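coords please:
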Amino acid sequence: MQLDTESDIASKERSAKAALYTGILDTAVTMVAFLAANSSVLLADFLKTALEAVAVLLSYLSLRRIIYGKNHHFNYGIGKLESLSSVFVVILMVLAVFIIFGNAIHNILSPGHLEGLGLYIGAGAQVVFGFLNTKLALNAARLAKTSGSPIIIAQQKLFTSRAVGNVFILLALALSTFLHEMSWSVYIDPAASMLIGCFIVLIASGIFKASVNELLDKTLDEEYQMIILQELVAHFDDYEFMHGIRSRRSGSRVFIEIFLGFDPEKKVGEVQQMMDTLRRRIEARIANSSVVVSMSQEPVA
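Numbers count the residues shown, from 1 in each chain. Sure, this is the predicted structure:
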């Protein structure tokens, strides 16, 4: 069975906390930068960072609900909660794109050079948080490989886009400063902002597609169905009837229920041992699966 271990859950929570604290600090610093510089480009950076911090907060709250709201029943809705949080992340990313493009258009229509202490605060913030966002993105990528959690995947893509955004914004600020004597340099910032917006659109579309797909309950892929049938065939002599199979995917989880009929002469211990063996073998072959094998006297609808 390859469900999350306590160590995996603790790693998820630590990653979410680090992401949340970094986002709050980043928002505060970028706010100081745009207030000191009175720059619409840094204002766009501040608003984008603030929206991303809210997205991380939603992910963190959902993750806590998943971790501390578990019970011993099939939590089909928990998987949906993860994917729904990812959809909210996408919505906030789209809002950030509108802000970025709005400010870019404003800068094109009313061009001007950046100046003031806020410019240097903003440049320093891009360096520091570019490093932190890269580190958080790599950590989320490592967790995503083991858990497949939609929230962690969304965090990975979100912090990757933020790190790339830090690089572009720093480059735009640097070029605008060093090339301020060139008349065309006033368009560097809005051009860089549009490139960042386009990148975020690509990231958001990928998250949205994956999350909406996970929100739709569906039967298992044919590959997984074949695994179940292979295991049932391997235990063909251990049961009398196969009354039905129920399977569904919810979020990153796979839920399987198998209903079997047994010879009345068989001992309960033998039946239980066979069901436990079948359950363990299927869970070992299907990642993130939870399997229940039950005794049934008639076909299951």
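
Please enumerate the helices of the stretch 1-150 of the chain.
6-37, 40-68, 76-109, 117-147, 150-178 (DSSP state H, counting those that start in this stretch).

between those, which gets nearest to residue 262?
Among the helices of the stretch 1-150 of the chain, the nearest to residue 262 by C-beta to C-beta is helix 76-109 (28.1 Å). Using the backbone N, CA and C atoms, a C-beta is placed for each residue, glycine as well.

For the residue most central in space within the chain, give me the pLDDT.
The residue lying closest to the centre of the chain (C-alpha atoms, centre = their mean) is residue 154, at 2.3 Å. pLDDT recorded at residue 154 is 70.

so which of the helices of the stretch 1-150 of the chain gets nearest residue 201?
Closest among the helices of the stretch 1-150 of the chain, using C-beta to C-beta: helix 76-109, at 5.7 Å.

What mean pLDDT does that closest one get?
72.

re the thing from before, wait, the residue nearest to the centre of the chain touches residue 89, no?
Yes: if you go by C-beta atoms under 8 Å, residue 154 and residue 89 touch, sitting 4.8 Å apart.

so residue 35 makes contact with residue 121?
No: using C-beta under 8 Å, residue 35 is not in contact with residue 121, being 9.5 Å away.

In three-state terms, how would residue 292 be classified?
Local secondary structure at residue 292 is given as strand here, using DSSP: H, G, I helix; E, B strand; the rest coil.

how many other residues sit next to it?
Neighbour count for residue 292, taken as other C-beta atoms under 10 Å: 13.

State the helix or strand in which residue 246 lies.
Residue 246 is part of strand 241-250, with elements assigned from DSSP states H and E.

how about the strands of the stretch 151-300 of the chain, start to end?
241-250, 253-261, 289-295 (DSSP state E, counting those that start in this stretch).

The closest residue to residue 241 other than its chain neighbours - how many residues pack around it?
Leaving aside its chain neighbours, residue 241 sits nearest to residue 261 (3.4 Å; criterion: C-beta to C-beta, 6 or more residues apart in numbering). Residues lying near residue 261 (other C-beta under 10 Å) number 15.

who's in contact with residue 261?
239-243, 295-297 (C-beta atoms under 8 Å, 6 or more residues apart in numbering).

just those residues now: which is nearest residue 280?
Nearest member of these to residue 280, counting by C-beta to C-beta, is residue 239, at 16.1 Å.

Model confidence score at the residue nearest to residue 241, please.
Looking at residue 261, the pLDDT reads 84.

circling back: which one's more surrounded, residue 35 and residue 121?
A side-by-side neighbour count of residue 35 and residue 121, using other C-beta under 10 Å, places residue 121 first with 19 against 15.

What sits closest to residue 93 if chain neighbours are left out?
Residue 93's closest residue in space is residue 204 (C-beta to C-beta, 6+ apart), at 4.2 Å.

unless I'm mixing things up, that neighbour is touching residue 94, no?
Yes: Residue 204 is within contact range of residue 94, at 5.9 Å (criterion: C-beta under 8 Å).
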